[in-house]
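J.: compute the structure for the input listed below.
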Amino acid sequence: MKSKYVKILVGLMTVAMLALVGCEVTKTESVTDENGNTTTTTTTTENGKTTTTTETTSADDDMEGYELVDQIEGADLAIINDTDADIEAIYLCRSDYEEWGDSILDSTLASGDAYSLDAAFTYTPGYTWDIEIETADGEVLDVAGLDLAACDDPESVNFDLYIADDGSLAADVY
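T.: This is a model prediction of the structure:
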């Protein structure tokens with residue numbers, strides 16, 4: 001009787017092992033860091049053999065069409081307030097960043113005035129930038145995707161902020 005159960009158990013184990021032969025299990029995991037670089041790890045198990053591959057994709061790989069150069073450090077930055085409101089705060093960051101950081105203004109920028117930072121702006125060409133402003137009336141407006149490649153001189157970045165016909169913040173870059 002014992003022998004019969006052993007034969008059944010061996011038969012079931014044989015069927016289970018045959019079912020596993022030829023099966024493939026794949027697990028993929030991707031992690032993106034704060035700079036936009038993505039690391040993808042793929043683990044594949046087939047016929048009892050496990051293979052792991054890791055691939056890292058740089059955020060720069062997505063910048064097709066741009067000529068990437070070193071960072072431009074110490075560029076002059078000028079912002080002209082052509083809105084009808086006084087601006088209390090201006091935040092500036094790359095479009096691929098999630099946090100604004102601190103306002104670049106140290107005082108209110110009156111309507112019609114300009115604010116400049118001499119030799120204080122560092123940026124990497126090939127990335128777009130976003131600007132957010134807070135007006136003296138408490139209104140918060142932003143404009144996204146400004147291409148600094150439009151600058152006449154890469155060491156002198158100028159933004160002319162104005163309100164578009166639809167009421168949104170807009171900016172000319174030159």
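J.: looking at this protein, which helix or strand does the model trust least?
T.: Ranked by mean pLDDT, DSSP states H and E, the weakest helix or strand in the chain is helix 2-20, scoring a mean of 56.
J.: now do the same end-to-end measure for stretch 142-157.
T.: Using CA to CA, to the nearest Å, one end of stretch 142-157 lies 18 Å from the other.
J.: now that stretch: buried residues?
T.: Residues 143, 146, 148, 151, 157 are the ones in stretch 142-157 that count as buried (16 or more other CB atoms under 10 Å). Yep, even glycine has a C-beta here, placed from its N, CA and C like the rest.
J.: in the chain, where is pLDDT below threshold?
T.: By pLDDT under 70, the weakly predicted segments of the chain are 1-26, 35-37, 42-71.
J.: so which residues of it form strands?
T.: Remark: strands assigned in the chain by DSSP state E are 24-32, 38-46, 49-57, 72-81, 87-94, 114-123, 128-135, 140-147, 156-163, 169-173.
J.: export those to a markdown table and tack on distance to Trp100?
T.: Formatted as a markdown table, the strands of the chain follow (distance: least, CB to CB, whole Å):
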| stretch | distance to Trp100 |
| --- | --- |
| strand 24-32 | 20 |
| strand 38-46 | 23 |
| strand 49-57 | 26 |
| strand 72-81 | 15 |
| strand 87-94 | 4 |
| strand 114-123 | 15 |
| strand 128-135 | 6 |
| strand 140-147 | 9 |
| strand 156-163 | 15 |
| strand 169-173 | 14 |
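J.: per-domain residue ranges of the protein.
T.: Domains of the chain are assigned by automatic domain parsing as 23-62, 72-173.
J.: closest one of the buried residues of stretch 142-157 to Thr128?
T.: Leu146 (6.0 Å; CB to CB).
J.: so that closest one bridges to which residues?
T.: Residues in a beta bridge with Leu146, per DSSP bridges, are Trp129.
J.: now, among the buried residues of stretch 142-157, which is nearest to Ser168?
T.: Among the buried residues of stretch 142-157, and counting by CB to CB, the member closest to Ser168 is Val143, at 7.3 Å.
J.: wouldn't that closest one be in contact with Leu169 here?
T.: Yes - counting by CB atoms under 8 Å, Val143 does reach Leu169; the two are 4.6 Å apart.
J.: shared neighbours, the two?
T.: The contact sets of Val143 and Leu169 overlap at 131, 161 (CB atoms under 8 Å, 6 or more residues apart in numbering).
J.: sorry, back to before: tell me which of the domains of the chain sits most buried.
T.: Between the domains of the chain, domain 72-173 has the highest mean count of neighbours, a mean of 15, where neighbours are mean count of other CB atoms under 10 Å.
J.: what sits against Val31?
T.: Contacts of Val31 by CB under 8 Å, 6+ apart are 38-39.
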